[in-house]
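J.: I would like the atomic coordinates for the input below:
(2 chains)
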There are 2 protein chains.
Amino acid sequence: MGSPALIKTVAGARAWRAMRSRAGAGVALVPTMGNLHAGHAALIDAARRTADFVVVSVFVNPTQFGPGEDYASYPRTLEQDRTLAGEHEADAVFAPNAVEMYPNGLEEAVMVQAPAALAGILCGAQRPGHFTGVASVVARLLNIVQPEYALFGEKDYQQLLVIRRLAEDLFIDTGIVGVPTVREADGLALSSRNQYLTAGERARAPALYQALAAARDEMLAGAETAAVESRGRDVLSAAGFRPEYFEVRHGADLGPPRAGGPRVILAAGWLGKARLIDNIKIE
Amino acid sequence: MGSPALIKTVAGARAWRAMRSRAGAGVALVPTMGNLHAGHAALIDAARRTADFVVVSVFVNPTQFGPGEDYASYPRTLEQDRTLAGEHEADAVFAPNAVEMYPNGLEEAVMVQAPAALAGILCGAQRPGHFTGVASVVARLLNIVQPEYALFGEKDYQQLLVIRRLAEDLFIDTGIVGVPTVREADGLALSSRNQYLTAGERARAPALYQALAAARDEMLAGAETAAVESRGRDVLSAAGFRPEYFEVRHGADLGPPRAGGPRVILAAGWLGKARLIDNIKIE
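T.: Numbers count the residues shown, from 1 in each chain, chains lettered A, B, ... in the order given. Next up, the predicted model:
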């Protein structure tokens, strides 16, 4: 097992990559913002099963935070992250700083913009520029590491679709793999932001997943979409959330649900200082 | 010599690339919009000297044309282009259509945006979105072909800097090479758009380069920048141009010229239906 190599520079990451064969099952990248928990561990485990070499990137990406968001306070726990990555047999941790990742500065950075129809809705409507920041840092990470695979959690469902579109549309030669959400015993999806919750908020937080599961059951029973969405928002409000959205969408492009197509229900809301998101497939 | 392979699909271009070794001097890409002339030939010749394999892309990129610009009428001459590429010993011509390059459509395309300080000035101010289109198509071409080198003409000086920034900032592992402008005997820079000129306009067109050369000489003689720029615009107007800009800039970032730094003079203007651009270094 041992401690994974700690790589701090782009040049170091490229050198690490260049020494790993492109033959066989190659390299898998697990991009994270650090503060690793069991959800990230599931990503690393999936990467381990997918590829010969696994690198976990740890980078709190400034361009995906809006003004007033939690960029400064986002938990940074690199030494614990490296330990957890080692326990799950990652080969390397790539933890660059912002100057490495944005060598021309944040104002002068080349940015990658997903289409508004996909990235300007739901979380993108609530957090303008967020997915441009996500796409811009993921494009950089994929170009630096050139992995055969990159793994992302399905909890951030819209992010996963934005990244799939990024790779497909820009012809980035990396397979984008979604990994199912890891949940606490009471259903709450694991997130670094759960630690912003007070004990009382934590007790109410599972209402988000419960509302999604109930909405899924109603949809499968043939209920009317708008009514299901409305009830979902009401349930969140009753549980003490300030709901942002609760929407049934097409599973592949997040457009309106279409007959016969895959469907997903996505929700976001604030509970105290924590913005929580989650989703559930209708199937 | 022979006729270069004609590749129409992204899959074909990737297969062609995969068969060319990454060892040795590798692959050089010459991105063009086709209608090849001696300026492109100089790019292909430089690529031939740089790499073991040369591929010329021919794609009139819709996303870099604004509304009312000459996208529909831009000259398309693929068979002649292939012949010229073969005469200059290119190994392949990659000529995809817009559906290949933008598989999710133009409205739904992921776009790559260079910073406004570099891409929103000069030609970028006159043609909003132009360099976003350029960066978006060049990122795609570089990702598809994964060349060791890509060659661009210095005539499109701002474009060359935008592409250098794109590769640097997104960590695209391709060397960006600028190739000196090829000129007619009377100084006019070669451009596919020169054929939009009437005979009378063609006779006046060398005034653009003459004005730049005169401005360079004045700058070297210590003249005041604003006066030189103003005289340049007047000379263009007197020659029948509708000048767009005539500017002395820093050679590396197109900011204001700075003491001791490289300097370049860039100019653009309309002569009849043709928009002509050119530039000259002060050295």
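
J.: from here on, just use CA atoms for contacts and neighbour counts.
T.: Will do.

J.: contact residues of chain A facing chain B?
T.: A:102-104, A:107-117, A:139-140, A:143-144, A:165-166, A:169-173 (CA under 8 Å from any CA of the partner chain).

J.: in PyMOL, select just the buried ones from those.
T.: Selection of buried members from those for PyMOL, criterion 16 or more other CA atoms under 10 Å in any protein chain shown:
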select buried, chain A and resi 102+108+109+110+111+112+113+114+115+116+139+140+143+144+165+166+169+170+171+172+173
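
J.: could you tell me which of the residues of chain A next to chain B belong to helices?
T.: A:116, A:117, A:139, A:140, A:143, A:144, A:165, A:166, A:169 (DSSP state H).

J.: and the fourth one, what does it touch?
T.: Spelled out, that is residue A:140. Going by CA atoms under 8 Å, 6 or more residues apart in numbering or on different chains, residue A:140 touches A:101, B:169, B:170, B:171.

J.: and the helices in the stretch 151-283 of chain A?
T.: Along the stretch 151-283 of chain A, counting by DSSP state H, counting those that start in this stretch, helices occupy A:157-169, A:199-204, A:207-220, A:225-238.

J.: any chance of those in a markdown table, with mean pLDDT too?
T.: Below are the helices of the stretch 151-283 of chain A laid out as a markdown table (pLDDT from 0 to 100):
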| stretch | mean pLDDT |
| --- | --- |
| helix A:157-169 | 98 |
| helix A:199-204 | 98 |
| helix A:207-220 | 98 |
| helix A:225-238 | 98 |
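
J.: coming back round to it: export the contacts of residue A:140 to TSV and append columns for distance to residue B:149.
T.: Output for the contacts of residue A:140, formatted as TSV (distance: CA to CA, whole Å):
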residue	distance to residue B:149
A:101	22
B:169	16
B:170	16
B:171	14
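
J.: now do the same for the closest residue in space to residue A:250 that isn't next to it in sequence: its pLDDT.
T.: Once flanking residues are discounted, residue A:250 sits nearest to residue A:257: 4.2 Å by CA to CA, 6 or more residues apart in numbering or on different chains. Here, the pLDDT recorded for residue A:257 equals 95.

J.: pull the contacting residues for residue A:257.
T.: A:248, A:249, A:250, A:251, A:263.

J.: and if you look at residue A:29?
T.: Per CA under 8 Å, 6+ apart, neighbours of residue A:29: A:47, A:54, A:55, A:56, A:57, A:145, A:147, A:149, A:150, A:151.

J.: biggest separation within these, which pair?
T.: Farthest-apart pair in those is A:47 and A:145; separation 14.4 Å (CA to CA).

J.: separation between the closest residue to residue A:59 other than its chain neighbours and chain B?
T.: Among residues not flanking residue A:59 along the chain, residue A:33 sits closest, at 4.7 Å (CA to CA, 6+ apart). The gap separating residue A:33 from chain B is 19 Å, by CA to the nearest CA, to the nearest Å.

J.: residue A:51 now?
T.: Relative to chain B, residue A:51 is positioned 21 Å away (CA to the nearest CA).

J.: now do the contacts for the closest residue to that residue other than its chain neighbours.
T.: What sits nearest to residue A:51 in space, not counting adjacent residues and going by CA to CA, 6+ apart, is residue A:25, at 4.7 Å. Residue A:25 makes contact with A:50, A:51, A:52, A:148, according to CA under 8 Å, 6+ apart.

J.: what do you get if the cut-off is 10 Å, keeping everything else the same?
T.: Listed by CA atoms under 10 Å, 6 or more residues apart in numbering or on different chains, the contact set of residue A:25 reads A:49, A:50, A:51, A:52, A:53, A:148, A:149.

J.: and it, which of the three is it?
T.: When classified by DSSP: H, G, I helix; E, B strand; the rest coil, residue A:25 comes out as coil.

J.: how far away is it from residue A:174?
T.: 12 Å (CA to CA, to the nearest Å).

J.: roughly how far apart are the residue positioned nearest the centre of chain A and residue A:242?
T.: With distances taken as CA atoms, centre = their mean, the residue of chain A nearest its centroid is residue A:156 (4.1 Å). Distance of residue A:156 to residue A:242, given as CA to CA: 19 Å.

J.: likewise for residue A:67?
T.: Residue A:67 is 20 Å from residue A:242, by CA to CA.

J.: the two: who's more crowded?
T.: Between residue A:67 and residue A:242, counted using other CA atoms under 10 Å in any protein chain shown, the more crowded position is residue A:242 (17 against 9).

J.: can you pull up the bridge partners for the residue nearest to the more buried one when sequence neighbours are not counted?
T.: Closest residue to residue A:242 apart from its sequence neighbours, by CA to CA, 6+ apart: residue A:270 at 4.9 Å. Under the criterion DSSP bridges, residue A:270 forms beta bridges with residue A:242, residue A:275.

J.: tell me the contacts of residue A:270?
T.: By CA under 10 Å, 6+ apart, the residues touching residue A:270 are A:205, A:236, A:237, A:240, A:241, A:242, A:243, A:244, A:276, A:277.

J.: can you check the pLDDT for residue A:1?
T.: 57.

J.: right, and the pair among the contacts of residue A:25 with maximum separation?
T.: Across the contacts of residue A:25, the longest distance by CA to CA is 13.0 Å; it joins A:49 and A:148.

J.: pull up the overlap in contacts between the two.
T.: Contacts common to residue A:49 and residue A:148, judged by CA under 10 Å, 6+ apart, are A:25, A:28.

J.: number of residues surrounding the spatially closest residue to residue A:266 that is not a sequence neighbour?
T.: Leaving out its chain neighbours, the residue that sits closest to residue A:266 by CA to CA, 6+ apart is residue A:279, at 4.3 Å. Applying other CA under 10 Å, we find 25 residues neighbouring residue A:279.

J.: surely residue A:279 is in contact with residue A:214?
T.: No: contact criterion CA atoms under 10 Å: residue A:279 and residue A:214 do not qualify, at 11.9 Å.

J.: give me the contacts around stretch A:195-204.
T.: With contact meaning CA under 10 Å, 6+ apart, stretch A:195-204 is reached by A:74-75, A:186, A:188, A:194, A:205, A:236, A:239-241, A:271-275.

J.: drop anything exposed from the residues you listed.
T.: A:75, A:188, A:194, A:205, A:236, A:239, A:240, A:241, A:271, A:274, A:275.

J.: which one of those is nearest chain B?
T.: Taking CA to the nearest CA as the measure, residue A:75 is the one of the buried ones among the contacts of stretch A:195-204 closest to chain B, at 26.2 Å.

J.: can you pull the pLDDT of residue A:21?
T.: 73.

J.: can I assume it sits in a strand?
T.: No: counting by three-state DSSP, residue A:21 is not part of a strand but coil.

J.: neighbours around residue A:234, how many?
T.: Neighbour tally, residue A:234, other CA under 10 Å: 17.

J.: so it makes contact with residue A:208?
T.: No: judged on CA under 10 Å, residue A:234 makes no contact with residue A:208 at a distance of 11.2 Å.

J.: common neighbours of the two, please.
T.: A:241, A:243, A:246.

J.: check which residues of stretch A:182-192 are buried.
T.: Result for stretch A:182-192 [16+ other CA under 10 Å]: buried residues A:182, A:183, A:188, A:189, A:190, A:191, A:192.

J.: make TSV out of these and add pLDDT.
T.: Below are the buried residues of stretch A:182-192 laid out as TSV (pLDDT from 0 to 100):
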residue	pLDDT
A:182	98
A:183	98
A:188	98
A:189	98
A:190	98
A:191	97
A:192	95
